[in-house]
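# Below: sequence and its predicted model.
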Amino acid sequence: MRAFLAICLLCGAVALDCQAAEPRHTGDTGAEKPMPAAPEAAESADEKPAITHHAIEVAGGTLQYAATAATLPIKDASGKLQARMFFVAYTKEPSADLASRPITFAFNGGPGAASVFLHLGGLGPKRVPLAADGTALPATTRLVDNPWTWLDVTDLVFVDPIGTGYSRAAAGVDAKQFYDVAKDIRVASAFVRRYVTAYGRWLSPKFVVGESYGTARAAGLVDDLQDSAGLYVDGVLLISSALNFSTFTFRPGNDLPYALALPSYTASAWYHKKLAPELQSDLSKSLTQVERWATSEYLVALAQGDRMSDAERSRVAERIAHYTGLDPAYVERSRLRVGEERFAKRLLRDQSRIVARLDGRVTGIDSSPASEFVHSDPALFAAIGPYVAAFYDYVRKDLGFATDLRYEFLSDEVNHAWQWSSSGQGALYTGDDLAEAMTRDNRLRVFAAAGCFDLATPYLAQKYTFEHLEIDPRLRDNITFTLYRAGHQIYTDLASMQQLKADAAAFIRAARSGATPDASTERDSSAGDAVGK
């Protein structure tokens with residue numbers, strides 16, 4: 001279970017042919033809405049695209065849109081069907097000039113996660129409301145209109161990678177061949193290329209959004225689309241980035257994650273009022289102080305290893321304890337290295353509570369108080385049940401897509417069978433793919449969103465990765481980094497979700513116009529303001 005949660009929501013290739021039949025085009029009569037054609041004839045009734053029409057009230061008024069729930073066939077170079085990938089696409093109606101209407105492809109993480117989390121969490125026109133700050137289960141599961149949907153700014157395509165959602169390998173095809181970093185990126189690239197061909201979106205401004213492992217996929221995807229498809233993406237939006245696994249993977253011999261996680265520990269301890277008064281008074285100032293110490297004195301202390309004197313070790317342990325609310329003696333016994341699971345277990349141990357890896361504000365009952373590790377994540381548990389129940393009801397009743405397949409929201413099979421070796425490195429790193437894509441296309445913009453209470457992919461680890469991309473200094477202005485007072489799934493916090501929508505909309509408009517992006521900011525979702533970092 002710990003291995004599964006560590007990668008859930010973070011956290012010979014098949015030659016793919018992306019030819020597709022041209023979609024039929026019909027005029028809008030003002031009464032009967034035209035229905036986009038399927039890219040090819042469906043092989044069974046449950047593979048036919050389900051197209052429905054809806055309306056929602058957003059800030060600019062009434063937004064009418066079409067929803068398409070369907071599978072897209074993926075074939076090899078010989079034309080043999082390899083898989084069918086499920087997607088839900090939302091397009092604004094009446095159809096605007098497709099050459100000017102942006103389209104965004106959304107991928108969740110895992111790598112065994114379906115797109116339901118981004119889809120019903122905050123980006124789509126419907127959402128599942130949790131507690132206002134995302135820290136507790138709702139009293140009842142329900143699906144409501146989402147006036148903060150991104151659909152007023154861009155059309156949306158939520159994609160389920162093979163083995164997740166309703167996406168499956170074809171009969172007689174071994175699905176495990178797709179559970180691989182490089183092949184996963186190639187299949188995602190094939191999907192995007194096939195979709196824009198089938199639905200006439202080659203001239204549309206194109207964006208990719210990924211969350212957690214979906215950001216690693218997104219970074220590789222934009223690079224692969226340039227290289228193999230001649231398809232240039234205008235911008236990539238990365239939520240809770242996981243581009244460099246070595247920055248948040250706690251293992252012997254890798255000291256970096258301990259320093260980079262420290263500010264997130266501070267934020268979580270601040271939320272639970274475990275810090276000294278001078279640190280409790282202003283979270284932003286406290287995080288800035290901890291960031292500086294963690295990337296200077298703390299890293300130097302860790303680098304000394306056993307050469308450190310007892311007095312110096314005690315002094316550093318006291319400082320770590322001061323910034324985390326932990327017991328100094330425990331920190332010293334841990335050799336100054338407290339991983340995120342140990343922190344989650346220890347912070348509220350006197351209350352028999354654990355804090356969540358995905359959101360340090362969320363707590364749960366400690367079911368194994370004698371253990372040093374947590375065995376479940378209460379933040380993940382709070383989201384899964386409501387999202388999955390709402391999706392099953394929504395996809396059949398509202399979207400009209402009926403199938404007997406199980407919707408694999410978090411695939412245990414995919415996560416356990418996943419092959420990381422194709423990256424060619426000990427720890428996955430796709431920052432080089434993103435850097436290469438930005439270098440080749442200096443118009444490519446990057447928006448990175450992080451939550452300060454995220455213990456799974458700590459925000460300072462994300463910043464560290466972006467600050468160490470090997471890109472020309474002139475490209476640095478193409479990256480916008482924004483910090484929210486939220487956890488890993490930023491959209492589960494209502495105020496942060498609203499601000500994320502505003503920031504994403506501004507980013508998409510700026511990327512289309514070529515304007516200079518805003519500087520990196522910290523978003524205080526409780527107050528709704530931004531403070532330059």
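Done, it's in.
# So which residues of the stretch 201-350 of the chain form helices?
Under the criterion DSSP state H, counting those that start in this stretch, the stretch 201-350 of the chain carries helices at the ranges 213-224, 256-271, 277-280, 283-293, 299-304, 310-324, 328-333, 340-346.
# what's the burial count for residue 57?
Residue 57 sits with 10 neighbouring residues when counted by other CB atoms under 10 Å. Any C-beta I mention is one placed from the backbone N, CA and C, and that applies to glycine too.
# Can you show me the strands along the stretch 151-300 of the chain?
Listed in chain order, the strands found in the stretch 151-300 of the chain under DSSP state E, counting those that start in this stretch are 155-159, 168-169, 206-212, 235-241.
# out of the helices of the stretch 201-350 of the chain, deepest packed?
Most buried of these, by mean neighbour count (mean count of other CB atoms under 10 Å): helix 213-224, with a mean of 29.
# CA atoms only: put it into CSV for me.
Only the C-alpha atoms of helix 213-224 are listed here, as CSV (Å, rounded to 0.1, in the frame of the first residue of the first chain):
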residue,chain,number,x,y,z
TYR,A,213,3.1,12.0,-12.6
GLY,A,214,0.9,13.6,-15.3
THR,A,215,3.4,16.5,-15.3
ALA,A,216,6.2,14.1,-16.2
ARG,A,217,4.0,12.7,-19.0
ALA,A,218,3.2,16.3,-20.1
ALA,A,219,6.9,17.3,-20.3
GLY,A,220,7.7,14.3,-22.4
LEU,A,221,4.6,14.8,-24.5
VAL,A,222,5.3,18.3,-25.6
ASP,A,223,8.8,17.3,-26.6
ASP,A,224,7.6,14.2,-28.5
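# next one: it to chain centre, how far?
Using CA atoms, centre = their mean, to the nearest Å, the mean C-alpha position of helix 213-224 is found 11 Å from that of the whole chain.
# That helix versus strand 235-241: what angle between them?
Following axes from the mean of the first three to the mean of the last three CA atoms, to 10 degrees, one obtains 150 degrees for the angle between helix 213-224 and strand 235-241.
# For helix 213-224, which helices and strands make contact with it?
In terms of contact count using 3 or more CB pairs under 8 Å, 6 or more residues apart in numbering; DSSP states H and E, helix 213-224 is assigned the packing partners strand 103-107, helix 181-198, strand 206-212, strand 235-241, helix 431-440.
# For the ones you listed, could you give me CSV that also reports mean pLDDT, mean neighbour count and distance to residue 228?
Supplementary listing: the helices and strands packed on helix 213-224 in CSV, determined by pLDDT from 0 to 100; neighbours: other CB atoms under 10 Å; distance: least, CB to CB, whole Å:
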stretch, mean pLDDT, mean neighbour count, distance to residue 228
strand 103-107, 98, 27, 16
helix 181-198, 95, 23, 6
strand 206-212, 97, 28, 15
strand 235-241, 98, 29, 17
helix 431-440, 96, 20, 12
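# Please identify which of the ones you listed is closest to residue 68.
Distances from residue 68 to each of those were compared using CB to CB; the minimum, 10.4 Å, belongs to helix 181-198.
# quick one, that closest one and helix 213-224 angle?
Computed by the same axes, to 10 degrees, the angle between helix 181-198 and helix 213-224 is 70 degrees.
# which residues of the stretch 1-150 of the chain fall in helices?
Assigned by DSSP H, counting those that start in this stretch, the helices in the stretch 1-150 of the chain fall at 2-7, 116-118.
# among these, where is the model least confident on average?
Ranked by mean pLDDT, these bottom out at helix 2-7, which scores a mean of 43.
# Spit out the contact partners of residue 123.
Residues counted as contacts of residue 123 (CB atoms under 8 Å, 6 or more residues apart in numbering) are 106, 149, 150, 156, 158, 209, 491.
# Can you show me the strands along the stretch 351-500 of the chain?
Along the stretch 351-500 of the chain, the segments classed as strands by DSSP E, counting those that start in this stretch run 353-355, 363-365, 445-451, 479-484.
# distance between the last one and the chain's centre?
In terms of CA atoms, centre = their mean, the centre of strand 479-484 is set 14 Å apart from its chain centre.
# which helices and strands does it pack with?
Contact partners of strand 479-484 among helices and strands, from 3+ CB pairs under 8 Å, 6+ apart: strand 445-451, helix 459-467, helix 494-513, strand 521-524.
# one step back: which one, of the helices and strands packed on helix 213-224, ends up nearest to residue 375?
The minimum distance between residue 375 and the helices and strands packed on helix 213-224 falls on strand 206-212, with 20.3 Å, by CB to CB.
# and the angle for the closest one with strand 235-241?
Note on geometry: by the same axes, to 10 degrees, strand 206-212 and strand 235-241 are set 10 degrees apart in direction.
# partner strands of strand 206-212, parallel or antiparallel?
Using DSSP bridges, the strands paired with strand 206-212 in its sheet are strand 103-107 (parallel), strand 235-241 (parallel).
# ok, back up a step: right, so of the strands of the stretch 351-500 of the chain, which gets closest to residue 170?
Counting by CB to CB, residue 170 lies closest to strand 445-451 out of these; the figure is 34.8 Å.
# relative to helix 213-224, how tilted is the closest one?
Using the same axes, to 10 degrees, strand 445-451 lies at 170 degrees relative to helix 213-224.
# Kindly report the domain assignment for this structure.
The record's domain split for the chain, according to automatic domain parsing, is 2-25+37-246+388-532, 253-377.
# picking up where we left off before, ok, so of the contacts of residue 123, who is nearest residue 271?
Within the contacts of residue 123, the smallest distance to residue 271 is 18.4 Å, found for residue 491 (CB to CB).
# correct me, but the closest one touches residue 121?
Yes: with contacts defined as CB atoms under 8 Å, residue 491 counts as touching residue 121 at a distance of 4.2 Å.
# how far is the top strand by length along the chain from where the chain is centred?
What stands out as the longest strand in the chain, according to DSSP state E, is strand 61-76. From the chain centre to the centre of strand 61-76 is a distance of 21 Å (CA atoms, centre = their mean).
# ok, back up a step: and the strands paired with strand 206-212 as CSV, adding distance to residue 184?
Compiled in CSV, the strands paired with strand 206-212 are given as follows (distance: least, CB to CB, whole Å):
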stretch, distance to residue 184
strand 103-107, 10
strand 235-241, 16
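# Could you double-check that residue 330 sits in contact with residue 347?
No: at 10.9 Å, residue 330 does not count as touching residue 347 under the criterion of CB under 8 Å.
# any common contacting residues for these two?
With CB under 8 Å, 6+ apart as the test, residue 330 and residue 347 reach no residue in common.
# Relative to residue 108, how far out is the closest residue to residue 268 other than its chain neighbours?
Closest residue in space to residue 268, ignoring its immediate chain neighbours: residue 360 at 2.8 Å, by CB to CB, 6 or more residues apart in numbering. Here the distance between residue 360 and residue 108 works out to 21 Å (CB to CB, to the nearest Å).
# ditto for residue 483
According to CB to CB, residue 483 and residue 108 sit 21 Å apart.
# Which one of those two is surrounded by more residues?
The residue with more neighbours, out of residue 483 and residue 108 and counting by other CB under 10 Å, is residue 108; that gives 33 against 28.
# give me every residue that touches the more buried one.
If a contact means CB under 8 Å, 6+ apart, then residue 108 has 9, 114, 115, 116, 117, 118, 210, 211, 212, 214 as its contacts.
# Surely the last one touches residue 105?
This means residue 214. No: with the criterion set as CB under 8 Å, residue 214 and residue 105 do not qualify as a contacting pair; they are 10.4 Å apart.
# coming back round to it: tabulate the strands of the stretch 151-300 of the chain (JSON lines), appending distance to residue 367.
JSON lines is the format used below for those (distance: least, CB to CB, whole Å):
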{"stretch": "strand 155-159", "distance to residue 367": "34"}
{"stretch": "strand 168-169", "distance to residue 367": "35"}
{"stretch": "strand 206-212", "distance to residue 367": "25"}
{"stretch": "strand 235-241", "distance to residue 367": "26"}
